[in-house]
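Colleague: Attaching a predicted model along with its sequence, questions to come.
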Amino acid sequence: MTHAPDASTDPVYDLTTPRDLDYYGVFADIPDQDRQWWERARTFSAGLDDRMSQHWEKAEYPLDLVREAGRLGLLTDGVDVGDVQAENIETLTPMAAGLVNMETSRADGSLGTALAVQGGLALRTLALFGSAEQKAEHLTALATAETLGAFALTEPTHGSDSVSLETTATLHGSEENGHYIINGAKKWIGNGASGGITFTWARVSGGSHDGQVRCFLIPQDTPGYRAEVIGGKLSLRAIHQALIQYDDVNVPADAVLPGATSFKDASRVLFATRLGVAWSAVGHAAAVVETALSYSTQRVQFSKPLARFQQVQERLTWMTSELTSMQLHARKVTELDAAGKLSGPQASMAKYHNTRKARALAQTARDMLGGNGILLQNKVARHLADIEAIHTYEGTESVQSLIIGRDLTGYSAFA
């Protein structure tokens with residue numbers, strides 16, 4: 001009689017220990033202060049694999065972890081919060097912010113996106129365009145995640161074509177003492193149903209900014225603001241994104257962020273966050289490449305470790321070369337950013353290159369793990385799915401290529 005093998009004989013692999021694979025030593029000489037932020041992010045994310053796998057599977061948003069990241073100062077994404085620094089909010093250098101983004105995304109894509117939404121989008125919008133009163137009330141709470149923030153630009157019928165947004169803000173009375181009635185819809189808004197505040201981009205009707213796109217700070221408990229968490233997602237399942245309806249949402253004149261006067265200001269925020277997405281892609285890629293390497297040295301087939309097979313070594317070599325290329329892109333554009341020399345097309349190139357590479361690396365890593373590659377506990381499948389989201393948000397691959405192409409040729413190919 002044949003007996004089924006004991007399930008306890010299923011091999012256990014260590015796929016969580018970081019290998020810090022940096023073949024060219026791209027990060028070997030970063031300043032100690034930046035490295036300390038990197039180490040803080042690693043300490044925060046250490047040991048979260050099993051927990052995040054469960055949250056991902058159940059589509060749960062672990063807000064306690066987001067607030068812990070805020071307490072540690074990991075959510076500011078390099079945003080200069082100015083005078084609020086007096087309240088113990090540190091401004092990270094562009095390099096430190098990139099490394100934090102990379103390390104958080106290495107742990108989990110949903111956590112990395114929570115950082116991007118809270119700091120890269122919401123906090124940055126307020127810091128760049130808010131009034132002194134708005135900043136005094138909300139900057140610290142956003143930086144620490146005491147208040148969750150959302151950046152509402154994308155609409156159900158306007159994704160990449162966000163400049164054509166249809167959400168309206170109709171002015172009643174004067175621009176100083178009147179109020180606005182906001183109507184419309186937004187989609188894919190991280191933290192949009194969190195109970196916090198939403199920075200809503202809408203086209204103004206009336207007043208001196210008639211026809212222009214401006215930004216409004218809207219508490220999510222405002223009457224007429226209705227948001228529901230989007231279900232059925234394949235990617236980023238451990239962060240909640242919302243479909244928002246604005247039905248005659250009435251906000252006072254001082255809800256307008258005075259520094260946001262056109263769509264170019266929304267683009268300014270997205271330009272900054274594209275660099276963050278490029279770093280996030282490095283984190284995802286490092287996770288899948290190092291997992292494949294660890295697995296190949298532990299998994300035995302045909303009486304020897306997979307790492308002894310020529311085809312496996314060739315794949316690992318290709319994966320490491322691609323990861324190294326991504327690291328070099330991230331470091332170079334970050335140095336340009338720190339020097340105030342980074343252009344919009346250069347930021348687009350970093351996102352375009354790194355998310356494409358991360359996508360390919362995750363596919364190869366999944367293949368290298370065989371059947372074990374589809375198990376959430378082995379990390380690669382979760383990263384593979386989450387990379388699909390970062391490849392799209394903050395501008396799709398097609399949009400990035402058109403930005404770069406226009407810069408190269410002098411011709412705009414946008415429809």
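Modeller: Okay, I see it.

Colleague: What's the local residue count around Ala286?
Modeller: By other C-beta atoms under 10 Å, the residues close to Ala286 number 25. (C-beta placed from N, C-alpha, C; glycine too.)

Colleague: With Ile182 instead?
Modeller: 23.

Colleague: Just confirm it is within a strand.
Modeller: Yes. Counting by DSSP: H, G, I helix; E, B strand; the rest coil, Ile182 is located in a strand.

Colleague: Quick check: it vs Ala347, distance?
Modeller: 30 Å (C-beta to C-beta, to the nearest Å).

Colleague: Kindly confirm my reading that Ser174 forms part of a strand.
Modeller: No. Assigned with three-state DSSP, Ser174 falls outside any strand and is coil.

Colleague: ok, it touching Ser208?
Modeller: No. Taking contacts as C-beta atoms under 8 Å, Ser174 lies outside contact range of Ser208: 10.4 Å.

Colleague: Strands of this protein, start to end?
Modeller: Ranges of strands in the chain, per DSSP state E, are 149-152, 168-172, 179-190, 197-205, 213-219, 225-229, 241-252, 300-301, 304-305.

Colleague: which of the ones you listed is buried the deepest?
Modeller: A comparison of the strands of the chain by mean neighbour count, using mean count of other C-beta atoms under 10 Å, puts strand 149-152 on top with a mean of 28.

Colleague: helices and strands around that one, which ones?
Modeller: Under the contact definition 3 or more C-beta pairs under 8 Å, 6 or more residues apart in numbering; DSSP states H and E, strand 149-152 sits against strand 179-190, strand 197-205.

Colleague: Now do the longest one against strand 241-252, angle only.
Modeller: Regarding strand 179-190 and strand 241-252, their directions subtend 160 degrees when assessed with axes from the mean of the first three to the mean of the last three C-alpha atoms, to 10 degrees.

Colleague: What helices and strands are in contact with strand 179-190?
Modeller: Checking 3+ C-beta pairs under 8 Å, 6+ apart, strand 179-190 ends up next to strand 149-152, strand 168-172, strand 197-205, strand 213-219, strand 241-252.

Colleague: Over to the shortest one?
Modeller: Using 3+ C-beta pairs under 8 Å, 6+ apart as the contact criterion, the elements in contact with strand 197-205 are strand 149-152, strand 168-172, strand 179-190, strand 213-219.

Colleague: The longest one to strand 197-205, inter-axis angle?
Modeller: Angular relation of strand 179-190 and strand 197-205 on a 0 to 180 degree scale: 130 degrees, by the same axes, to 10 degrees.

Colleague: Give me the distance from strand 179-190 to the chain's centre.
Modeller: With C-alpha atoms, centre = their mean, to the nearest Å as the basis, strand 179-190 stands 21 Å off its chain's centre.

Colleague: again with the shortest one
Modeller: Once both centres are worked out by C-alpha atoms, centre = their mean, strand 149-152 turns out to sit 13 Å from its chain's centre.

Colleague: What of the last one?
Modeller: Taking C-alpha atoms, centre = their mean, one finds strand 213-219 lying 21 Å from the centre of the chain it belongs to.

Colleague: export that strand as CSV, just CAs?
Modeller: Output of strand 213-219 as CSV, limited to C-alpha atoms (Å, rounded to 0.1, in the frame of the first residue of the first chain):
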residue,chain,number,x,y,z
VAL,A,213,-7.6,73.5,-12.3
ARG,A,214,-7.1,74.1,-8.6
CYS,A,215,-6.7,72.0,-5.5
PHE,A,216,-9.2,71.8,-2.5
LEU,A,217,-8.5,70.4,1.0
ILE,A,218,-11.7,68.4,1.8
PRO,A,219,-12.2,66.6,5.1
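
Colleague: What mean pLDDT does that strand get?
Modeller: Per-residue pLDDT over strand 213-219 has a mean of 97.

Colleague: Okay, helices next: where are they in the stretch 1-150 of the chain?
Modeller: 32-45, 49-58, 63-71, 94-107, 109-115, 124-129, 132-143 (DSSP state H, counting those that start in this stretch).

Colleague: can you list contacts of the last one?
Modeller: What it means is helix 132-143. 70, 73, 75-76, 81-84, 87, 89, 118-119, 122-123, 126-127, 130, 146-147, 149, 197, 217, 254, 257 (C-beta atoms under 8 Å, 6 or more residues apart in numbering).
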